[in-house]
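> quick one, structure for this:
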Amino acid sequence: MSHSSSQSKYTRRYHPRHPLAQYLISQIETMQLRAPDIIKAMGYPLGHTIPACERLRHVLCNRYLGLDSSYMDKYFTADAFLAKLFVVLELPYEPFVEDIAQIKYQLAHLPNDSPKYSLRAGVDFEFDSAQWMSCDATKNHQLIVEQDRVKVDKVERKLAKASGA
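Numbering: from 1, shown residues only. Take a look at the predicted model:
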């Protein structure tokens, strides 16, 4: 997209990361449509205009055109949003079905590079008397850790009662 068209009042908020998004943005510029006009034509209710405009911006700026389900609402699935956008922009959808399928394939076969975290905590409990630990305390008592306090409750020993009967 040229510098002059990126400063257009119709498309200045869109920074495409996919060639198909560039094509859609060019059509928006050609038709001189503002985001609220597009959203209204897509059938969104008036009260949902701002979130829908934000979704439009997200789809046009997302490298997967929003097909990664990174932005959803109750009105359109990711596929339906894109298809309806083509209709509103008076563009044929069929020539791009293969490109959209390729994006979906990439998404389905992406390695999961999300970071994995584990949390380990070293906790020392101090008690005045250690007698509660005797007599199989692990089976007789349950340690409950709440926000700022620790509480020890007796636990029913169903197995012991069943075996003693």
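> show me where the chain has helices.
3-6, 19-31, 35-42, 49-61, 78-88, 97-108, 137-140, 158-164 (DSSP state H).
> low-confidence ranges, the protein, go.
1-7, 112-165 (pLDDT under 70).
> quick revisit: need the helices of the chain in JSON lines with distance to residue 71, can you?
Using the backbone N, CA and C atoms, a C-beta is placed for each residue, glycine as well. Converted to JSON lines, those look like this (distance: least, Cβ to Cβ, whole Å):
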{"stretch": "helix 3-6", "distance to residue 71": "22"}
{"stretch": "helix 19-31", "distance to residue 71": "14"}
{"stretch": "helix 35-42", "distance to residue 71": "14"}
{"stretch": "helix 49-61", "distance to residue 71": "4"}
{"stretch": "helix 78-88", "distance to residue 71": "8"}
{"stretch": "helix 97-108", "distance to residue 71": "14"}
{"stretch": "helix 137-140", "distance to residue 71": "48"}
{"stretch": "helix 158-164", "distance to residue 71": "50"}
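> just put those in TSV and tack on distance to residue 67 and mean neighbour count.
Formatted as TSV, the helices of the chain follow (distance: least, Cβ to Cβ, whole Å; neighbours: other Cβ atoms under 10 Å):
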stretch	distance to residue 67	mean neighbour count
helix 3-6	24	10
helix 19-31	10	17
helix 35-42	17	18
helix 49-61	9	18
helix 78-88	5	18
helix 97-108	5	13
helix 137-140	51	13
helix 158-164	52	9
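> which one of the ones you listed lies closest to residue 69?
Proximity to residue 69, assessed across those by Cβ to Cβ, is greatest for helix 78-88 (5.6 Å).
> what angle sits between that closest one and helix 97-108?
With axes from the mean of the first three to the mean of the last three Cα atoms, to 10 degrees applied, the angle from helix 78-88 to helix 97-108 works out at 150 degrees.
> what's in contact with helix 78-88?
Around helix 78-88, the neighbours that count as contacts under Cβ atoms under 8 Å, 6 or more residues apart in numbering are 24, 38, 41-43, 55-56, 59, 65-69, 72, 76, 92-93, 96, 100.
> what does stretch 13-24 give?
1, 6, 25, 28, 35, 57, 59-65, 85-86, 89, 91, 96, 99-100, 103.
> also stretch 27-46?
Contact with stretch 27-46 is made by 5, 8-11, 13-14, 48-49, 52-53, 56-57, 75-76, 81, 84-85, 88-91, as judged by Cβ under 8 Å, 6+ apart.
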